[in-house]
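1. 3D model of this:
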Amino acid sequence: MGKAQKYVLLGDATYPLQDWILKPYQEDKNLTQRQLQFNYRLKRAHSVIENAFLRLKARWQILLKCDDCSLELLPTLVLACCILHNVCEAHDNPFNEEWLEGTEPTELPKPCQPAPAAMEDKRAEQVRELMCQYFESCGEG
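-> Residues are numbered from 1 along each chain as shown. This next block holds a predicted model:
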């Protein structure tokens, strides 16, 4: 869209909109088709991410038992598993679907209430609008 963007994290409605946290538009009957498409694309991206983490935990089940290691070791352990996982994926090392049996998607605790509007960054709406335009220009999918 002619403007360089930083990386962003995906959040849900409970997170404040920031220029580094994209969240969907609040669901109501006044959303435009473009905003609905943006929300749909964000949900699809979130499901891809959730599936990737599920596969990561299934392949490297030590990640399911991280309470056994020290907090200092944890970032290195997670990073090592991510690197090894990506190497396996890049070299078409088959993923055994049976590994998923012991791994369930986990709901991490998150705030119950949406973030107050005062916490939202007004500039972040420009980032969300640019992404909305980009998704619209990409067509269906």
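2. which other helices and strands does the helix or strand bottoming out on mean pLDDT in the chain contact?
-> Using mean pLDDT, DSSP states H and E, helix 124-138 stands out as the lowest-scoring helix or strand of the chain, at a mean of 86. On a contact count with 3 or more C-beta pairs under 8 Å, 6 or more residues apart in numbering; DSSP states H and E, helix 124-138 meets strand 21-22, helix 33-59. For glycine as for every other residue, the C-beta is placed from the backbone atoms N, C-alpha and C.
3. same list, the ones you listed, but as CSV with mean pLDDT and distance to Pro94 please.
-> As requested, the helices and strands packed on helix 124-138 are exported to CSV (pLDDT from 0 to 100; distance: least, C-beta to C-beta, whole Å):
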stretch, mean pLDDT, distance to Pro94
strand 21-22, 90, 34
helix 33-59, 89, 11
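4. what's the closest of the ones you listed to Asp67?
-> Ranking the helices and strands packed on helix 124-138 by proximity to Asp67 (C-beta to C-beta) places helix 33-59 first, at 13.9 Å.
5. can you give me the angle the closest one makes with helix 124-138?
-> Taking axes from the mean of the first three to the mean of the last three C-alpha atoms, to 10 degrees, one finds that helix 33-59 is oriented at 90 degrees with respect to helix 124-138.
6. what angle do helix 33-59 and the next helix or strand after helix 33-59 make with each other?
-> As assigned by DSSP states H and E, the chain's next helix or strand after helix 33-59 is helix 74-90. In terms of direction (the same axes, to 10 degrees), helix 74-90 departs from helix 33-59 by 100 degrees.
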